[in-house]
Each structure stands twice: as C-alpha cells, then as structure tokens.
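In: kindly generate the corresponding structure for this input.
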Amino acid sequence: MIESRRIRREKKTISVMIGMYCRARHNSAIVPCEECGALLLYAHLKIDTCVFHDHKPVCNECRVHCYSRAMREEVRKVMRFSGPRMLLAHPVLGVRHMVDRIHRPERRGS
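Out: Residues are numbered from 1 along each chain as shown. I've put the predicted structure just below:
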C-alpha cells in the first residue's frame with residue numbers, strides 16, 4: 001500500500017516529537033535512544049496498521065485506542081513535552097498537526 005501524504009506527515013510529526021523529547025530527557029549520544037527508538041517503531045507500526053487508513057484522525061481524537069496502556073502513557077509524556085515546543089522548533093509541522101486535529105476526515109461509505 002502506498003502511504004498518503006497525511007500518513008507520512010503523521011509519522012514525521014511523531015518522529016520529530018520523540019526526537020525532541022529524547023534529546024531533552026535522556027541526554028543520549030544517539031537520538032533516539034533505545035527506549036525512544038522502540039516507542040517510535042511502535043508508533044509507526046500503529047500508524048501503518050490503523051483501521052482508518054487515509055481517513056485516520058490524530059491519535060488522541062480517535063475512538064479506537066490501538067496503543068497498549070503503557071505505550072499510550074509514554075506517548076502522552078512525549079506529547080505533553082514536545083507539543084508546546086513544536087510551534088517554535090517546527091512551526092510548519094506544528095500548525096499542520098493542529099489543522100489535522102481540527103479537520104476530522106469522514107470515513108468513506110459511512
């Protein structure tokens with residue numbers, strides 16, 4: 001399956017957010033560190049296997065919670081830290097993510 005621009009952008013956004021969090025919190029020489037790298041792989045897997053595909057809402061607006069409870073809490077930590085900083089560090093990605101939160105794509109056939 002070919003990834004849509006929306007899915008690629010969501011993957012890039014979560015990658016940037018995890019990278020910002022990892023650099024600030026883990027002081028690792030390699031970003032992402034092992035722990036953050038595992039979270040990133042998990043997030044990408046969940047984005048790839050989302051049941052909504054191209055009509056996917058942002059994860060915290062989704063009615064289907066596919067992340068495990070522990071991973072969901074880890075992503076929340078990353079979002080709480082990186083979210084406010086996105087507009088300064090990556091303004092285009094930050095604004096696009098906010099637009100994606102507001103724009104709720106309708107599922108085809110619904």
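In: low-confidence ranges in this structure?
Out: For the chain, applying pLDDT under 70 flags the ranges 1, 59-60, 101, 103-110.
In: where's the residue nearest the centre of the chain, which helix or strand?
Out: By C-alpha atoms, centre = their mean, the mean C-alpha position of the chain lies nearest to I14, the distance being 3.3 Å. Here I14, judged by DSSP states H and E, is contained in helix 5-26.
In: kindly provide the distance from the residue nearest to the centre of the chain to I7.
Out: Distance of I14 to I7, computed by C-beta to C-beta, to the nearest Å: 11 Å. Quick note: C-beta positions are derived from backbone N, CA and C, even for glycine.
In: give me the common contacts of those two.
Out: Residues touching both I14 and I7 (C-beta atoms under 8 Å, 6 or more residues apart in numbering) are I47.
In: who's in contact with V78?
Out: Counting by C-beta under 8 Å, 6+ apart, V78 has contacts M17, I18, Y21, L39.
In: which residue is the nearest non-sequential neighbour of the first one?
Out: To tie it back to what came earlier, the one meant is M17. Excluding the flanking residues, the one nearest M17 by C-beta to C-beta, 6 or more residues apart in numbering is S82, at 3.8 Å.
In: hmm, the one you found is touching Y21, no?
Out: Yes - with contacts counted by C-beta atoms under 8 Å, S82 reaches Y21, the gap being 5.3 Å.
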